[in-house]
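**Student:** sequence and predicted structure are below.
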Amino acid sequence: MAAATAARSVRRSATRLASSDVATFRSWLDGVDAVLLDCDGVIWRGTTPIPGALAAIDALRAAGKRVVFVSNNSTKSRATYVGKLKRVCGIESTVDDVMSSAFAAASLLASKKLAPAEGHDQVGVFVVGESGLHEELRAQGFRTIGQDEGGGKPFDFAGFDVASLDGGVRAVVQGFDTEFSYNKLALAASYIRYARAEYVATNTDETFPAHGFVVPGGGSMVAALRTGCGVEPEVAGKPSPRLMDLIAAHIGVPASRCAMVGDRLNTDIRFGNSTGAQTALVLTGVTTAAQAEASKGPERPDIVLDSIADVTALLAAASE
């Protein structure tokens with residue numbers, strides 16, 4: 001695709017450019033010091049890299065932009081993301097280049113400065129999630145439980161008693177969980193309802209792209225627990241502005257000097273727009289060109305790209 005047509009700017013307000021040329025892209029990027037990139041649907045789909053992703057990252061870094069990988073996927077720790085970026089896409093990174101919703105949730109819970117329950121040395125957390133979420137919470141000093149409650153383990157209606165709940169649990173943290181079960185759902189709801197545990201969700205993504213198709217996301221599980229306990233969770237990941245505050249403090253760049261690149265309108269684009277960042281939508285994930293064209297308000301991106309790979313040609317043309 002020619003560089004002049006790789007970016008399709010879409011108007012969100014009278015102050016946004018609407019022309020579809022390299023000048024639009026240059027104007028969009030000139031005010032940016034850091035580029036925040038979603039991973040699923042932008043850098044890869046499952047374990048398949050998006051063609052041209054590595055070259056685009058190299059081009060952004062060569063242009064002096066700080067690149068941060070911002071994912072709502074809570075199943076992996078930041079260290080695991082570093083490994084996957086290298087293994088799947090050949091992208092070199094460090095944990096300081098990664099901001100996951102698991103890390104964000106752990107940081108949000110740590111900011112609450114909860115005191116351990118009487119008789120306990122650590123704050124206990126019941127986790128509906130996978131190993132990456134447990135790792136990030138433990139790294140912040142929390143004791144986690146719940147990992148052994150999956151695998152089809154049935155809920156013991158007859159034997160359940162509030163007194164059987166772990167008395168040290170002060171919070172429930174929920175992320176994506178491939179072993180999500182009624183047992184986990186009932187226990188998590190009980191901690192929130194009866195133990196008055198804090199309720200934090202890593203994200204509310206309804207779906208995510210994997211290996212060429214779309215599957216239910218962590219948001220579908222959050223909907224179940226929210227319904228079952230009657231409490232709204234605090235959301236740590238996109239589109240929560242808490243995440244942008246965490247990123248800005250982490251990299252020393254204000255939101256107004258950041259650009260958010262993602263494949264989802266109601267998380268990535270809403271996240272960027274609502275925090276004052278520039279936004280770009282790519283069409284390699286869950287959002288179609290028709291949906292992008294019909295988007296409105298805080299879910300309308302500044303520019304739309306067919307793929308992150310278009311950035312390489314645009315940067316080359318913009319530097320001429």
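**Tutor:** Looks like it came in fine.
**Student:** residue ranges in the stretch 1-150 of the chain under the pLDDT threshold?
**Tutor:** Residues of the stretch 1-150 of the chain meeting the criterion pLDDT under 70: 1-21.
**Student:** please identify the buried residues of stretch 289-307?
**Tutor:** 292, 295, 298, 299, 300, 301, 302, 303, 304, 305, 307 (16 or more other CB atoms under 10 Å). (C-beta placed from N, C-alpha, C; glycine too.)
**Student:** report the distance from that stretch to the chain centre.
**Tutor:** Averaging C-alpha positions (CA atoms, centre = their mean, to the nearest Å) puts stretch 289-307 19 Å from its chain's average.
**Student:** how long is it from one end to the other?
**Tutor:** From its first residue to its last, stretch 289-307 covers 12 Å (CA to CA, to the nearest Å).
**Student:** what mean pLDDT does it have?
**Tutor:** Confidence over stretch 289-307 (mean pLDDT, whole number) is 92.
**Student:** check the buried residues of stretch 289-307 and tell me the two furthest apart.
**Tutor:** Within these, 298 and 307 form the most distant pair, 23.7 Å apart (CB to CB).
**Student:** how is the protein carved up into domains?
**Tutor:** 3-72+238-318, 103-235 (automatic domain parsing).
**Student:** including distance to residue 95, could these go into JSON lines?
**Tutor:** Output for these, formatted as JSON lines (distance: least, CB to CB, whole Å):
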{"stretch": "domain 3-72+238-318", "distance to residue 95": "10"}
{"stretch": "domain 103-235", "distance to residue 95": "9"}
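**Student:** between these, which one is closest to residue 89.
**Tutor:** When the domains of the chain are compared by CB to CB, domain 3-72+238-318 sits nearest residue 89, at 4.5 Å.
**Student:** centre of the chain to the closest one, how far?
**Tutor:** Distance, centroid of domain 3-72+238-318 to centroid of chain: 14 Å (CA atoms, centre = their mean).
**Student:** do stretch 230-239 as well
**Tutor:** For stretch 230-239 - counting by CA atoms, centre = their mean - the centre lies 12 Å from the chain centre.
**Student:** which parts of that stretch are buried?
**Tutor:** Applying 16+ other CB under 10 Å to stretch 230-239 flags 231, 233, 234, 235, 236, 237, 238, 239 as buried.
**Student:** and what of stretch 239-259?
**Tutor:** Quick answer for stretch 239-259 (16+ other CB under 10 Å): 239-240, 242-244, 246-248, 251, 253-255, 257-259.
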